[in-house]
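Chemist: predicted coordinates and the sequence they were generated for:
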Amino acid sequence: MSRILAITQSEVLILRRNLWLVMATLIMVLFALALTFAGSAPTGSLGVDMLTVSVASMTTLSVYLAPLLALMISFDAIAGDSERGSLALLLSYPAGRGEVLLGKFLAHLGALSFAMIIGFGAAGAVAAWFGGAGAESLAALSRLIITSIVLGAVFLTFGYLVSALAQGPTAAAGMAAGLWLIFVVLYDLGLLGAVVMDDGGSFTRSVFPWVMVANPADAFRLWNVAASDGVALATGMTGAAQALPVWAAPASLLLWSFIGFAAARAAFGRVEP
Amino acid sequence: MNDALEILGLSKARGTVPVLSDVSLAVAPGERVALLGHNGAGKSTLIKAVLGLMPFDAGQIHVAGSNPGSARARRATAFLPEAISFHPALTGREQLDLFARLSGGGADVPALLERVGLGDAMNRRIGAYSKGMRQRLGLAQVLLGKPKVALLDEPTSGLDPISRQDLYAIIDELAAQGTAVLIASHALTEVEARTDRIAILRKGVLVADDTLANLSAKAGLPIKLRVRADGDVVDSIARQTGGTRLNGASVEILCSPADKMTTLRRVAGMGDAVVDVDITPPRLEDLYRHYAKEDAT
């Protein structure tokens, strides 16, 4: 345990020194604030408070940004050390590969959580100050922050996986960008195409929601939508959310983070530094 | 089982190309062994196998009695990689702190950094370190927690001559505290005086493993005499001694260690014609070339 924490501590230092933490937090704050102000228009017509609308817009933002930030931080985790030549030395120490990976994961998750809490928190505070907030919209905001962190965790493990599989940091960066594109953009486009082709048939009604929730990015969206009527109303995503049991989206995200970590650990085990 | 490091019949192939073939080598506690070989001879591969970082095809390795890569073996091992590098954002002290905590703690990190000459630089970022300073930092982590086996891959690369002296002083210290030290190198002249035994790898085969004196005797390499003389007698000296004329005023004579004194007496008997004599015993370079040659067995 103390070995894991030693690695975590040194990774946190690195994230602070190379300004990743500052930049990620800044990006989160700027985007969240911009969306909150830009998205404040439909408040009256939907009959919900400004924070709810803000959370709905930020949910859409987080689908893109949380995986991106997570992959940006994690793609270098193994490939970078391997390229520098410091990985062989690190692995000659008593810390096992699982411990090394877990130590890095904790540090990266901590940094990601920090950026999410500050970014969404700031935007939420602004929205609540100007447009009011209720118990329900505050719960939605907390849920957004927590689910964004879990979504980030999933993509952190994906980043470690490509980092262990790739030949170098550049290849790992390319593979990470490809993963992001597939999970966040292309998957949804494919589903959209399938639904249009199916034209309201059995695929759309029974299979589609499950295929959708199998993608961690969509599971994140569904989790936030299903849990809050206001957010569902503001995002217009009620249909798919209602077709699934409540546990489907959380289960998908948690399962993916375990699968991702196990796969990354297995791939890391085969790396010869 | 008394050896700190024991390698028996180690073989490893990459695809169909053998990298190591049936290598056996042992290092006792307190012994300093130089592992010599060309680039690609298998030195680094051997070290990675000992560290448990790379699976091998056949043979056995015992590090302090344990399997390579096991928790006990890793606790007993210190490693200095070739061309070492660290994360540039950390300071030397933070980096060594991490290693100290990974190896179980209890080390006086500032004192260690002072010992390797990084006392003034320990709070600066490694990104601003020179190659030699990074090498010193690497050496500092070798000294953490009294290892039973130390594996040093090209430890002198990037070090200036004074730093090299420091390095070998530290290696002597390690050996004195009972650490088995294996130094992979092609800096031949330095390991000559500083190691107890020399092992030579050629294309993955261990072609020599003995003390320098025994290796010299076995190789039977000639001693080189260079005689400088007046221009007009150079030819006659060359003829008399069976040497070869090098230039206007020198003759080079190669003789076996047994014939050395006879030849010297003959040269001395030539009187004033001989101006100067240089005697060069076979150096590690010659020895290395002899054992590492394609046709050597």
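Modeler: It's in.
Chemist: what residues does chain B have near chain A?
Modeler: Proximity of chain B to chain A is confined to B:48, B:51, B:53-54, B:71, B:74-75, B:77-79, B:81-87, B:89-90, B:94-95, B:97-99, B:101-105, B:125, B:138, B:141 under the rule CB under 8 Å from any CB of the partner chain. No exception for glycine: its C-beta is placed from N, CA and C like everyone else's.
Chemist: restricted to helices, list those.
Modeler: Members of the residues of chain B next to chain A lying in helices (criterion: DSSP state H): B:48, B:51, B:71, B:74-75, B:94-95, B:97-99, B:101-102, B:138, B:141.
Chemist: and the least confident of those residues?
Modeler: Lowest in pLDDT among those is B:Ala71, which has 86.
Chemist: pLDDT value on the spatially closest residue to that residue that is not a sequence neighbour, please?
Modeler: Nearest residue to B:Ala71 in three dimensions, chain neighbours excluded: A:Pro94, at 5.8 Å (CB to CB, 6 or more residues apart in numbering or on different chains). For A:Pro94, the pLDDT comes out at 89.
Chemist: my read: A:Pro94 touches B:Arg101, true?
Modeler: No. Using CB atoms under 8 Å as the test, A:Pro94 is too far from B:Arg101 to be in contact (10.4 Å).
Chemist: need the residues touching each of those two.
Modeler: Common neighbours of A:Pro94 and B:Arg101, using CB atoms under 8 Å, 6 or more residues apart in numbering or on different chains, are A:Arg3.
Chemist: out of these two, which sits in the busier spot?
Modeler: Between A:Pro94 and B:Arg101, counted using other CB atoms under 10 Å in any protein chain shown, the more crowded position is B:Arg101 (21 against 18).
Chemist: identify the residues contacting the closest residue to the more buried one other than its chain neighbours.
Modeler: Nearest residue to B:Arg101, sequence neighbours excluded (CB to CB, 6+ apart): A:Ala6, at 3.7 Å. Residues near A:Ala6 by CB under 8 Å, 6+ apart: A:95, A:103, B:98, B:101-102.
Chemist: ok, now which ones touch the residue nearest to B:Ala71?
Modeler: A:3, B:71, B:74-75, B:102-104.
Chemist: show the buried residues in those residues.
Modeler: Among those, the ones that count as buried by 16 or more other CB atoms under 10 Å in any protein chain shown are A:3, B:74-75, B:102-103.
Chemist: closest one of those to A:Val126?
Modeler: A:Arg3 (41.7 Å; CB to CB).
Chemist: surely that closest one meets A:Ala95?
Modeler: Yes. In terms of CB under 8 Å, A:Arg3 counts as a neighbour of A:Ala95; the distance is 4.4 Å.
Chemist: identify the contacts common to the two.
Modeler: Common contact partners of A:Arg3 and A:Ala95 (CB under 8 Å, 6+ apart): A:103, B:102.
Chemist: all strands of chain B, in order?
Modeler: B:5-14, B:17-27, B:32-36, B:58-63, B:77-80, B:149-153, B:180-185, B:197-202, B:205-210, B:223-229, B:244-247, B:250-255, B:274-280 (DSSP state E).
Chemist: show me what the first one is packed up against.
Modeler: In terms of contacts (3 or more CB pairs under 8 Å, 6 or more residues apart in numbering or on different chains; DSSP states H and E), strand B:5-14 is packed against strand B:17-27, helix B:43-51, strand B:58-63.
Chemist: mind listing the strands it pairs with, and their directions?
Modeler: strand B:17-27 (antiparallel), strand B:58-63 (antiparallel) (DSSP bridges).
Chemist: again with the last one
Modeler: In the sheet containing strand B:274-280, the strands it pairs with under DSSP bridges are strand B:223-229 (antiparallel).
Chemist: cool, the fifth one as well?
Modeler: On the basis of DSSP bridges, the sheet neighbours of strand B:77-80 come out as strand B:149-153 (parallel).
Chemist: just the C-alphas of the partner strand, formatted as PDB.
Modeler: In PDB, the C-alpha atoms belonging to strand B:149-153 read as follows (Å, rounded to 0.1, in the frame of the first residue of the first chain):
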ATOM      1  CA  VAL B 149      23.400  -7.900  -6.100                       C
ATOM      2  CA  ALA B 150      24.200  -4.800  -8.100                       C
ATOM      3  CA  LEU B 151      23.800  -4.800 -11.900                       C
ATOM      4  CA  LEU B 152      25.400  -1.800 -13.600                       C
ATOM      5  CA  ASP B 153      24.900  -1.400 -17.300                       C
END
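Chemist: any idea of the angle that strand forms with helix B:43-51?
Modeler: 150 degrees (axes from the mean of the first three to the mean of the last three CA atoms, to 10 degrees).
Chemist: contacting residues around strand B:149-153?
Modeler: Against strand B:149-153 from outside (CB under 8 Å, 6+ apart): B:4-5, B:27, B:43-44, B:47, B:50-51, B:63-64, B:76-82, B:142, B:171, B:174, B:179-184.
Chemist: buried ones among the residues you listed?
Modeler: So, by 16+ other CB under 10 Å, the buried ones in the contacts of strand B:149-153 are B:4-5, B:27, B:43-44, B:47, B:50-51, B:63-64, B:76-82, B:142, B:171, B:174, B:179-184.
Chemist: which ones are touching B:Ala175?
Modeler: B:30-32, B:181.
Chemist: buried members of these into PyMOL, please.
Modeler: Typed into PyMOL, the line below selects the buried ones among the contacts of B:Ala175, using 16+ other CB under 10 Å:
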select buried, chain B and resi 31+32+181
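Chemist: ok, longest helix in the chain?
Modeler: Since no chain was named, I'll use chain A. helix A:97-131.
Chemist: actually chain B
Modeler: helix B:161-176.
Chemist: if I take that helix and strand B:149-153, what angle do their directions form?
Modeler: Using the same axes, to 10 degrees: helix B:161-176 against strand B:149-153 is 160 degrees.
Chemist: buried ones in helix B:161-176?
Modeler: For helix B:161-176, by 16+ other CB under 10 Å, it's B:163-164, B:166-168, B:170-171, B:174-175.
Chemist: from what I can see B:Val267 touches B:Val227, true?
Modeler: Yes. Between B:Val267 and B:Val227 there is a contact under CB under 8 Å: 5.7 Å.
Chemist: those two: which has the busier surroundings?
Modeler: Each of B:Val267 and B:Val227 has its neighbours counted (other CB under 10 Å); B:Val227 has more, 25 against 20.
Chemist: bridging residues for that one?
Modeler: Bridge pairing for B:Val227 (DSSP bridges) gives the partners B:Val251, B:Val277.
Chemist: which residues touch it?
Modeler: B:237, B:241, B:243, B:250-253, B:267, B:274, B:276-277.
Chemist: go again with 10 Å.
Modeler: By CB atoms under 10 Å, 6 or more residues apart in numbering or on different chains, the residues touching B:Val227 are B:234, B:237-238, B:241, B:243, B:246, B:249-253, B:263-264, B:267, B:270, B:273-278.
Chemist: ok, B:Thr244 next?
Modeler: B:238, B:250-254.
Chemist: out of these, which two sit at the greatest distance?
Modeler: The widest separation within those (CB to CB) is 13.7 Å, between B:Ser250 and B:Leu254.
Chemist: how many neighbours does the closest residue to B:His290 other than its chain neighbours have?
Modeler: Setting aside the residues directly before and after it, B:His290 is nearest to B:Ala219 in space (CB to CB, 6+ apart), at 4.7 Å. By the criterion of other CB under 10 Å, B:Ala219 has 17 neighbours.
Chemist: wait, B:Ala219 sits on B:Ala292?
Modeler: No. Taking contacts as CB atoms under 10 Å, B:Ala219 lies outside contact range of B:Ala292: 11.3 Å.
Chemist: list residues touching both of the two?
Modeler: What both B:Ala219 and B:Ala292 touch, as defined by CB under 10 Å, 6+ apart, is the set B:Ala208.
Chemist: so which residues of the stretch 1-150 of chain A form helices?
Modeler: Shown for the stretch 1-150 of chain A, the helices assigned by DSSP state H, counting those that start in this stretch span residues A:2-17, A:20-38, A:43-46, A:50-74, A:79-84, A:86-91, A:97-131, A:135-165.
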